[in-house]
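>>> starting from these lines, generate the structure:
(2 chains)
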Amino acid sequence: GAVVSQHPSWVICKSGTSVKIECRSLDFQATTMFWYRQFPKQSLMLMATSNEGSKATYEQGVEKDKFLINHASLTLSTLTVTSAHPEDSSFYICSAQKDQGTDTQYFGPGTRLTVL
Amino acid sequence: TQLLEQSPQFLSIQEGENLTVYCNSSSVFSSLQWYRQEPGEGPVLLVTVVTGGEVKKLKRLTFQFGDARKDSSLHITAAQPGDTGLYLCAGRPLETSGSRLTFGEGTQLTVNP
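The predicted structure is shown next:
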């Protein structure tokens, strides 16, 4: 199998607070994980690529200090949205690459973030 | 510039009809993946096509990879309401380094009973 979980599945927070989202590969080790953001009825927008034991690679326009990514182990990556504002409200999805030799990514169920 | 052009973007059909979704590019891909996503959930992998000209079938879904590995299609026969969802094609162009995937814009399919 190739199961990826995310926690929490949804979170509501006040403006100015920080929120941490966890992404876990449950039955495989993932040296590379990815974080995406998705707006309603639209495709996925890659935010950053997370490699175990090294700094994440952020896409152009994504603020590194606002979206902190940590990939501490081969099965866990975290995304922390710091000082969240209403415009950060979105659906955040992580994915993990199971095999180095293929490009296939397995996605988590997503986290709905609402900032009041 | 969108590396993967996916069409149509929206499709609303009646139960029992057939449909085809296209994913086209000027770039060559090592492989292409098709995903289906339902509201409030993450994308679920349907298939990965790797070889040029490859055809894969998944029940009523037929996936094709172009001979030149620049395009792919998804054909659904006798669509059912349960097929409703956002269909995404994705792949990594050979000309790009790293492991990031390029996604098509998605096709929002609605199958009406």
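>>> for the most centrally placed residue in chain A, which non-adjacent residue is closest in space?
Central residue of chain A (CA atoms, centre = their mean): A:Trp35, 3.4 Å from the mean position. Using CB to CB, 6 or more residues apart in numbering or on different chains and skipping the chain neighbours, the partner closest in space to A:Trp35 is A:Met47 (4.6 Å). From N, CA and C alone the C-beta is placed, and that goes for glycine too.
>>> and if you look at A:Ile69?
A:Ala56 (4.0 Å).
>>> burial of that neighbour, as a residue count?
Residue neighbour count, defined by other CB atoms under 10 Å in any protein chain shown, stands at 21 for A:Ala56.
>>> got the contact list for it?
Shown in contact with A:Ala56 (CB atoms under 8 Å, 6 or more residues apart in numbering or on different chains): A:48-50, A:64, A:69, A:71.
>>> distance of it relative to A:Val81?
Going from A:Ala56 to A:Val81 by CB to CB, to the nearest Å gives 14 Å.
>>> need the contact partners of the helix or strand hosting the residue nearest to the centre of chain A.
Per DSSP states H and E, A:Trp35 falls inside strand A:32-38. Residues from elsewhere that reach strand A:32-38 (CB under 8 Å, 6+ apart): A:23, A:25, A:44-52, A:67, A:69, A:71, A:77, A:79, A:90-97, A:105, A:110, B:99-101.
>>> out of these, list just those in helices.
Within these, no residue falls in helices by DSSP state H.
>>> got a ChimeraX select line for the buried ones in these?
Remark: buried members of these, expressed as a ChimeraX selection using 16 or more other CB atoms under 10 Å in any protein chain shown:
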select /A:23,25,44,45,46,47,48,49,50,51,52,67,69,71,77,79,90,91,92,93,94,95,96,97,105,110 /B:99,100,101
